[in-house]
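A.B. asks: pasting the sequence and the predicted model now:
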Amino acid sequence: MTVMIMSAISSVLLSRLSFGALFFPIPVLLASYRIGRTRTAVALQAVTYSIILGWEIIPLIPYFSSQNAAVLVMSLMFKLMACVMAAVFTGLRDYTRSMLRKMVISAIPVMVMGAAFVIWFTSARAQASVEILVETYEAVIPADFLRISANDFARIIVSVVQYGVVAVGMICGGLPIMFAEMSANRFNTVWQEEFAMMKMPEKYVWLFIGFWALFGLSAVAKLPVALGAVSFNFAMAMSMHYMLNGLSVLLALIRNRLPAFSAGTLIYLFFFASLIVGLDMVMWGVLIITGVLETWIRFR
């Protein structure tokens, strides 16, 4: 009980800090590994996340209106996605040991929430809210930032939100899960081997191809904006799963020569390399392509 209470308090406090907003699920995720019953672990997370989200929502209630809905939804949505993804991931531990499979399933609610947001965000009724969001960003962006007007740059940010909401939500939920998994299993050799042998089901490659093809078609054929944005978000979600698959392949190849090399070491290297502009895009692309090609080519 002490572990549960302390982990809940730690997560709530982390959620209130700017630098801890991305990692607040970690304490309750780590506590979940020490709790024998999955239902109890999920209940702990449900209570903790309800407190965190309630703390965010209650002060905003007086300011909620149809005009500023976009700003308020944006301030809450990614935390909600992280909470849901972490809780679903924990709830799946009695059904499968595969981390990749649990990641794929726990990302489904994030994809659904992201699609619903995009459909609303691109609708006519949301345009007043979108304009307020643009004005909000414009107010904090310096004039002629990067040699373009503040208004144009604010609209670029809004476009990135529209096309990247699912990817950002998966990062908010996936990073805490990854760090918690690494910490809890750093001495677990079985988990290390399982991580090195993770593989996406072969049939999922058609979802990857289909979503990217639909996005390409929507851009060429001038299909509705919502369709293009949803297909791009889903394509990015599948790409992130295949990136994890590519990391698994890389770990397996490294462990063939260095058996003591751990998944945690690789993921930390991957995380810090992702902060290097230029290297990040190349590395992500290589890992995604590797994960996809493993559908037809045996790398390990």
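C.D. replies: That came in fine, so what should we check first?

A.B. asks: return the set of buried residues in the helix or strand containing residue 286.
C.D. replies: Per DSSP states H and E, residue 286 falls inside helix 279-293. Applying a neighbour-count criterion of 16 or more other CB atoms under 10 Å, one finds 283-284, 287-288, 290-293 buried in helix 279-293. (C-beta placed from N, C-alpha, C; glycine too.)

A.B. asks: can you list the low-confidence ranges for the stretch 1-150 of the chain?
C.D. replies: 63-72, 140-147, 149-150 (pLDDT under 70).

A.B. asks: near residue 78, how many other residues are there?
C.D. replies: For residue 78, the count of nearby residues is 18 (other CB atoms under 10 Å).

A.B. asks: sorry, that was for residue 294
C.D. replies: If you count neighbours by other CB under 10 Å, residue 294 ends up with 20.

A.B. asks: then residue 137?
C.D. replies: The burial count for residue 137: 18, using other CB under 10 Å.

A.B. asks: could you pull out the helices in the stretch 1-150 of the chain for me?
C.D. replies: 2-15, 26-34, 38-57, 69-91, 99-121, 127-140, 150-184 (DSSP state H, counting those that start in this stretch).

A.B. asks: relative to residue 4, how far out is residue 213?
C.D. replies: Residue 213 sits at a distance of 47 Å from residue 4 (criterion: CB to CB, to the nearest Å).

A.B. asks: go on, residue 139?
C.D. replies: For residue 139 relative to residue 4 (CB to CB), the value is 42 Å.

A.B. asks: out of these two, which sits in the more crowded spot?
C.D. replies: Counting neighbours by other CB under 10 Å for residue 139 and for residue 4 shows that residue 4 has the greater number, 19 against 9.

A.B. asks: OK, contacts around that one?
C.D. replies: Taking CB atoms under 8 Å, 6 or more residues apart in numbering, we find residue 4 in contact with 31, 35, 44.

A.B. asks: let me know the pLDDT of the residue most central in space within the chain.
C.D. replies: A centroid search over the chain (CA atoms, centre = their mean) returns residue 170, at 1.2 Å, as the residue closest to the centre. Residue 170 carries a pLDDT value of 95.

A.B. asks: repeat that for residue 162.
C.D. replies: Looking at residue 162, its pLDDT reads 87.

A.B. asks: ok, it touching residue 119?
C.D. replies: No: judged on CB atoms under 8 Å, residue 162 makes no contact with residue 119 at a distance of 10.7 Å.

A.B. asks: more neighbours: which of these two?
C.D. replies: residue 162 (20 against 16).

A.B. asks: nearest spatial neighbour of the more buried one, skipping sequence neighbours?
C.D. replies: residue 229 (5.3 Å; CB to CB, 6 or more residues apart in numbering).

A.B. asks: check which helix or strand that neighbour maps to.
C.D. replies: Assigned by DSSP H and E, residue 229 belongs to helix 225-257.

A.B. asks: for the helix or strand following that helix, give me every contacting residue.
C.D. replies: Using DSSP H and E, the helix or strand that directly follows helix 225-257 along the chain is helix 263-273. For helix 263-273, contacts defined as CB under 8 Å, 6+ apart pick out 178, 182-183, 186, 191-192, 195-196, 247, 250-251, 254, 279-280, 283.

A.B. asks: out of these, which is nearest to residue 240?
C.D. replies: Nearest to residue 240 among the contacts of helix 263-273 is residue 247, at 10.7 Å by CB to CB.

A.B. asks: could you report the pLDDT at the closest one?
C.D. replies: pLDDT, residue 247: 95.
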